[in-house]
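Participant: I'll drop the sequence and a predicted model, then ask my questions.
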Amino acid sequence: MAVRNQHEQALKLLDAFERAGKAVARIVVDGRRIEIELAKGQTHDEFDRIDMRHGKA
């Protein structure tokens, strides 16, 4: 039963990080310890394909 509670807690943490805009690369549950590794490198820019110029260019 304790393992299930740890997995549920890990899923709650994953959800909280993703709602905060963080990309999670990996989660490790080892007994009572939960390790969360955030994704590194290129962050996704939701405006990267939008032409933001206004007026004459």
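Facilitator: Sure thing, it's come through. Nothing here was measured: the structure is a model prediction, and the numbers come from that model. Numbering: from 1, shown residues only.

Participant: tell me where the chain has helices.
Facilitator: In the chain, the helices defined using DSSP state H lie at 2-19.

Participant: could you list the low-pLDDT ranges of it?
Facilitator: Residues of the chain meeting the criterion pLDDT under 70: 1-3, 41-50, 52-57.

Participant: please redo it, this time with the cut-off set to 80
Facilitator: 1-3, 41-57 (pLDDT under 80).

Participant: hmm, Val28 and His7 touching each other?
Facilitator: No - counting by Cβ atoms under 8 Å, His7 sits too far from Val28 to count as a contact (11.5 Å). All C-beta atoms are positioned from the backbone trio N, CA, C, and that covers glycine.

Participant: of the two, who's got more company?
Facilitator: Legend: neighbour count by other Cβ atoms under 10 Å for His7 and Val28, higher for His7 (13 against 10).

Participant: list the contacts for that one?
Facilitator: The contact partners of His7, taken as Cβ atoms under 8 Å, 6 or more residues apart in numbering, are Val29.

Participant: one more pass at 10 Å, please.
Facilitator: His7 sits next to 27, 29, 34 when contact means Cβ atoms under 10 Å, 6 or more residues apart in numbering.

Participant: out of these, who's nearest Leu13?
Facilitator: Using Cβ to Cβ, Ile34 is the member of the contacts of His7 that sits closest to Leu13, with 6.5 Å.

Participant: what's the neighbour count on that closest one?
Facilitator: With other Cβ under 10 Å as criterion, Ile34 counts 16.

Participant: now do Lys40
Facilitator: 8.
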